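Q: this is a predicted model, with the sequence first.
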Amino acid sequence: MENEQICIIGSGNWGSAIATIVGRNAHRLSFCNNQVRMWVFEEDVQINNNHHQTAKLSNVINAQHENIKYLPGVKLPENVVAIPNLEEAVRDATVLIFVLPHQFLPKLLPTIRAHVNPTRCHGISLIKGLDFDADTKLPVLISKSIENVMGNQFRCGVLMGANVADEVARQRT
């Protein structure tokens with residue numbers, strides 16, 4: 001059996017905080033590939049407190065091992081690799097950790113589904129909020145919305161709680 005290939009979909013405050021834990025665990029667990037991919041919505045960020053000098057966020061994360069925009073002052077493990085191309089980030093992943101604003105899912109999920117094997121891959125949602133069924137107008141868990149788009153074989157668990165990203169990243173919990 002192949003090792004688990006983990007991809008974190010989202011790189012904001014909570015995504016970067018989770019990346020610190022997932023990266024450390026993937027490095028020490030024999031059933032996981034060492035490299036953890038983290039999909040980054042690419043943007044230019046100011047570097048070195050210089051308003052005129054910018055760099056791509058993914059390049060800064062990969063060079064400095066720090067998300068200077070969303071989780072400054074916290075080092076990410078070196079095995080966490082920021083990838084701005086969603087197809088490349090999720091390709092052949094067996095574990096998807098969804099940690100981004102829920103409104104981005106409808107646009108991203110078809111691309112994700114096209115580049116993973118839903119019978120071999122599963123997910124964990126760290127997304128806050130609810131979806132609503134278009135027909136019944138009833139609330140639907142985000143994890144169920146993810147499963148519906150990904151296909152019948154895909155399973156998605158949920159991790160919920162207070163937003164303690166900074167405390168988690170700094171190992172204060």
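A: Arrived safely, thanks for sending. Numbers count the residues shown, from 1 in each chain.
Q: contacting residues around the closest residue to Leu100 other than its chain neighbours?
A: The spatially closest residue to Leu100, leaving aside those adjacent along the chain, is Gly10, at 3.3 Å (C-beta to C-beta, 6 or more residues apart in numbering). Where you see a C-beta, it was placed from the backbone N, CA and C, and this is true even at glycine. Taking C-beta atoms under 8 Å, 6 or more residues apart in numbering as the definition of contact, the neighbours of Gly10 are 38-39, 41, 98-100.
Q: name the residues that touch the top strand by length along the chain?
A: The strand of greatest length in the chain, counted in residues with DSSP state E as the criterion, is given as strand 50-56. If you take C-beta under 8 Å, 6+ apart as the criterion, strand 50-56 is touched by 42-47, 84.
Q: change it to 7 Å
A: The list of residues contacting strand 50-56 from outside it, by C-beta atoms under 7 Å, 6 or more residues apart in numbering, reads 42, 44-47.
Q: now those as JSON lines including pLDDT, secondary structure and distance to Arg113?
A: JSON lines is the format used below for these (pLDDT from 0 to 100; DSSP: H, G, I helix; E, B strand; the rest coil; distance: C-beta to C-beta, whole Å):
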{"residue": "Glu42", "pLDDT": "96", "secondary structure": "coil", "distance to Arg113": "21"}
{"residue": "Asp44", "pLDDT": "93", "secondary structure": "strand", "distance to Arg113": "29"}
{"residue": "Val45", "pLDDT": "93", "secondary structure": "strand", "distance to Arg113": "30"}
{"residue": "Gln46", "pLDDT": "90", "secondary structure": "strand", "distance to Arg113": "35"}
{"residue": "Ile47", "pLDDT": "86", "secondary structure": "strand", "distance to Arg113": "35"}
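Q: drop anything exposed from those.
A: Buried residues within the contacts of strand 50-56, counting neighbours by 16 or more other C-beta atoms under 10 Å: Val45.
Q: and of the contacts of strand 50-56, the nearest to Gly151?
A: Using C-beta to C-beta, Glu42 is the member of those that lies nearest Gly151, at 27.8 Å.
Q: contacting residues around the spatially closest residue to the closest one that is not a sequence neighbour?
A: If the residues on either side of it in the chain are set aside, Glu42 comes closest to Pro84, at 3.9 Å by C-beta to C-beta, 6+ apart. Neighbouring residues of Pro84 by C-beta under 7 Å, 6+ apart: 40, 42, 58.
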